[in-house]
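> requesting a structural model of the entry that follows:
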Amino acid sequence: MGSALESTDVRNKLEDLSGVVPKPGENPYDALIEACDDDPAKIQELYAAHRARRNAQQRARFLSPDFTELIIDPYLLRLENPAIEPGFVRPTPFPRTRVPPSRTRSRGATHPRYPAARGPQPANARQEDRRHCMTVWARPPNHVLELAEEVQRRLRAAAPHVWLMPAYRMHMTTLELAFSRTAAEISALLAALGRDAVRALADYTATPARRRAPARLVRPFVSYDLSAFALSFVPASGHEPRASPPPAQPGPLDDEHDDHHEGEPIQEPGQPPRPDRYTYHHLRRDLWARARAAGVAVDSRYVVPSAHVTLGRYLGDADHATAAQRRRWVDAIDEVNRWLEGEVWAVAAAPPGGASPAAPRRRFVGEWIVGQEKGFDVRVGTLWYGGGRTVLLGEGF
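Reported below is the predicted structural model:
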């Protein structure tokens, strides 16, 4: 049997570089909202500052004369190259769990935290990825997938040996409820959450309030470190042009009962309009609160101000062995980010007649309205690399 494998998280901690420190015992997403005076522009600034500082940090590491090695994911490496460890297999399917109807719980009640299953495995144990998790994913709409694939294409030209996330597996983790547990522990957590709470999480973006004031993500940018690279976004501030294609018709079932125009922000009487005041960070806060209200403890690895879709990982140093190769890689990322900022960020929605003849080039859209086309994907199993199974996929708009 092969030696115990170490997750990349152990060597590659995702630090919060925003400067905001959550208060113990409280909803961890409230701290940033309070630090920003509930101002969408300030929230965007902190998300942007976090990714800019992290990119600067990682660029320095790639170009440092003291560079030693990339952080290679040993699980993915064995899955992609079975010759490394022939006994290593893809994980068994996560067992289907009957999710009972939610029971009434007192506010603030918690389900006991399940200890992570770590430690030595029996000598005859089958080698596989046993890091089971439970998360709430946001699935990118088609126009974001098209943009992600274009970014992958451009980056692969500089590093042809990287592993690329297939488009059908792409996702953004909006809430992580538990990670690196056994299948039995995740089954128990899912049962404790209950069917009603699962549906409430999955369909949250389809509620009338969220359709009237959806959370928008804008300004895509390539973020990277020594283990992976991703397409990251920041919450809209109210100043970015609308760019997404219109929602698919017909609309949700309860539109006939909704007196508000689709996309119109909810306003208190006498208050001036405040576009995008409900941000993606508010959305993360509310999902966390819903899970806690259902009576489960939320055990996330991190709550940093980041909204990202993993694009790929490194499987070896063939593209990064020399200083010249590493310089080429970071320069390629910088070039893609200049292209995104110069040609994608400012793209507005196409006129009703489509693109004008003066703009024949392919038009990529950098806005993501969370919930468009697909609701949240409540997911369990070995979720790294886009795996696992869906418990419930919520309604899109």
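
> buried ones in the strand or helix carrying His281?
For His281, the element it lies in under DSSP states H and E is helix 280-293. For helix 280-293, a neighbour-count test (16 or more other C-beta atoms under 10 Å) marks Tyr280, His281, His282, Leu283, Arg284, Arg285, Asp286, Leu287, Trp288, Arg290, Ala291, Arg292 as buried. Any C-beta I mention is one placed from the backbone N, CA and C, and that applies to glycine too.

> over to stretch 313-330?
Using 16+ other C-beta under 10 Å as the test for burial, stretch 313-330 gives Arg313, Tyr314, Leu315, Asp319, His320, Arg326, Arg328, Trp329, Val330.

> contacts for that stretch?
By C-beta atoms under 8 Å, 6 or more residues apart in numbering, the residues outside stretch 313-330 that reach it are 59, 62-63, 65, 67, 69-73, 76-77, 80-81, 158-163, 226-229.

> and the strands in the stretch 51-200 of the chain?
All strands of the stretch 51-200 of the chain, identified by DSSP state E, counting those that start in this stretch, fall at 88-89, 127-128, 132-138, 163-164, 172-181.

> and those, which is most packed in?
Of these, the one with the most neighbours on average (mean count of other C-beta atoms under 10 Å) is strand 132-138, at a mean of 25.

> so for the one helix or strand Ala209 maps to, what's the average pLDDT?
According to DSSP H and E, Ala209 maps onto helix 208-212. If you average the pLDDT over helix 208-212, you get 87.

> strand partners (parallel or antiparallel) of the helix or strand just after that helix?
The element immediately downstream of helix 208-212 (helix or strand, assigned by DSSP H and E) is strand 216-224. According to DSSP bridges, strand 216-224 forms sheet pairs with strand 228-235 (antiparallel), strand 368-369 (antiparallel).

> so what's Ser232 up against?
Contacts for Ser232 were tallied using C-beta under 8 Å, 6+ apart; they are Arg51, Pro220, Phe221, Val222, Ser223, Ser306, Ala307, His308, Val309.

> what's across from it in the sheet?
Legend: beta-bridge partners of Ser232 under DSSP bridges are Phe221, His308.

> for it, give its distance to Glu26.
Noted for Ser232: a distance of 26 Å to Glu26, by C-beta to C-beta, to the nearest Å.

> in what helix or strand does the nearest residue to His143 once chain neighbours are set aside lie?
In this structure, His143 finds its nearest non-sequential neighbour in Val365, 4.4 Å apart by C-beta to C-beta, 6 or more residues apart in numbering. For Val365, there is no host helix or strand (DSSP H and E).

> residues in contact with Val365?
Val365 makes contact with His143, Val144, Leu147, Ala243, Ser244, Pro245, Val344, Val347, according to C-beta under 8 Å, 6+ apart.

> for the residue sitting nearest the centre point of the chain, give me the pLDDT.
Compute the mean C-alpha point of the chain, and by C-alpha atoms, centre = their mean the closest residue is Met172, 2.0 Å away. In this model, Met172 is scored at 98, pLDDT.
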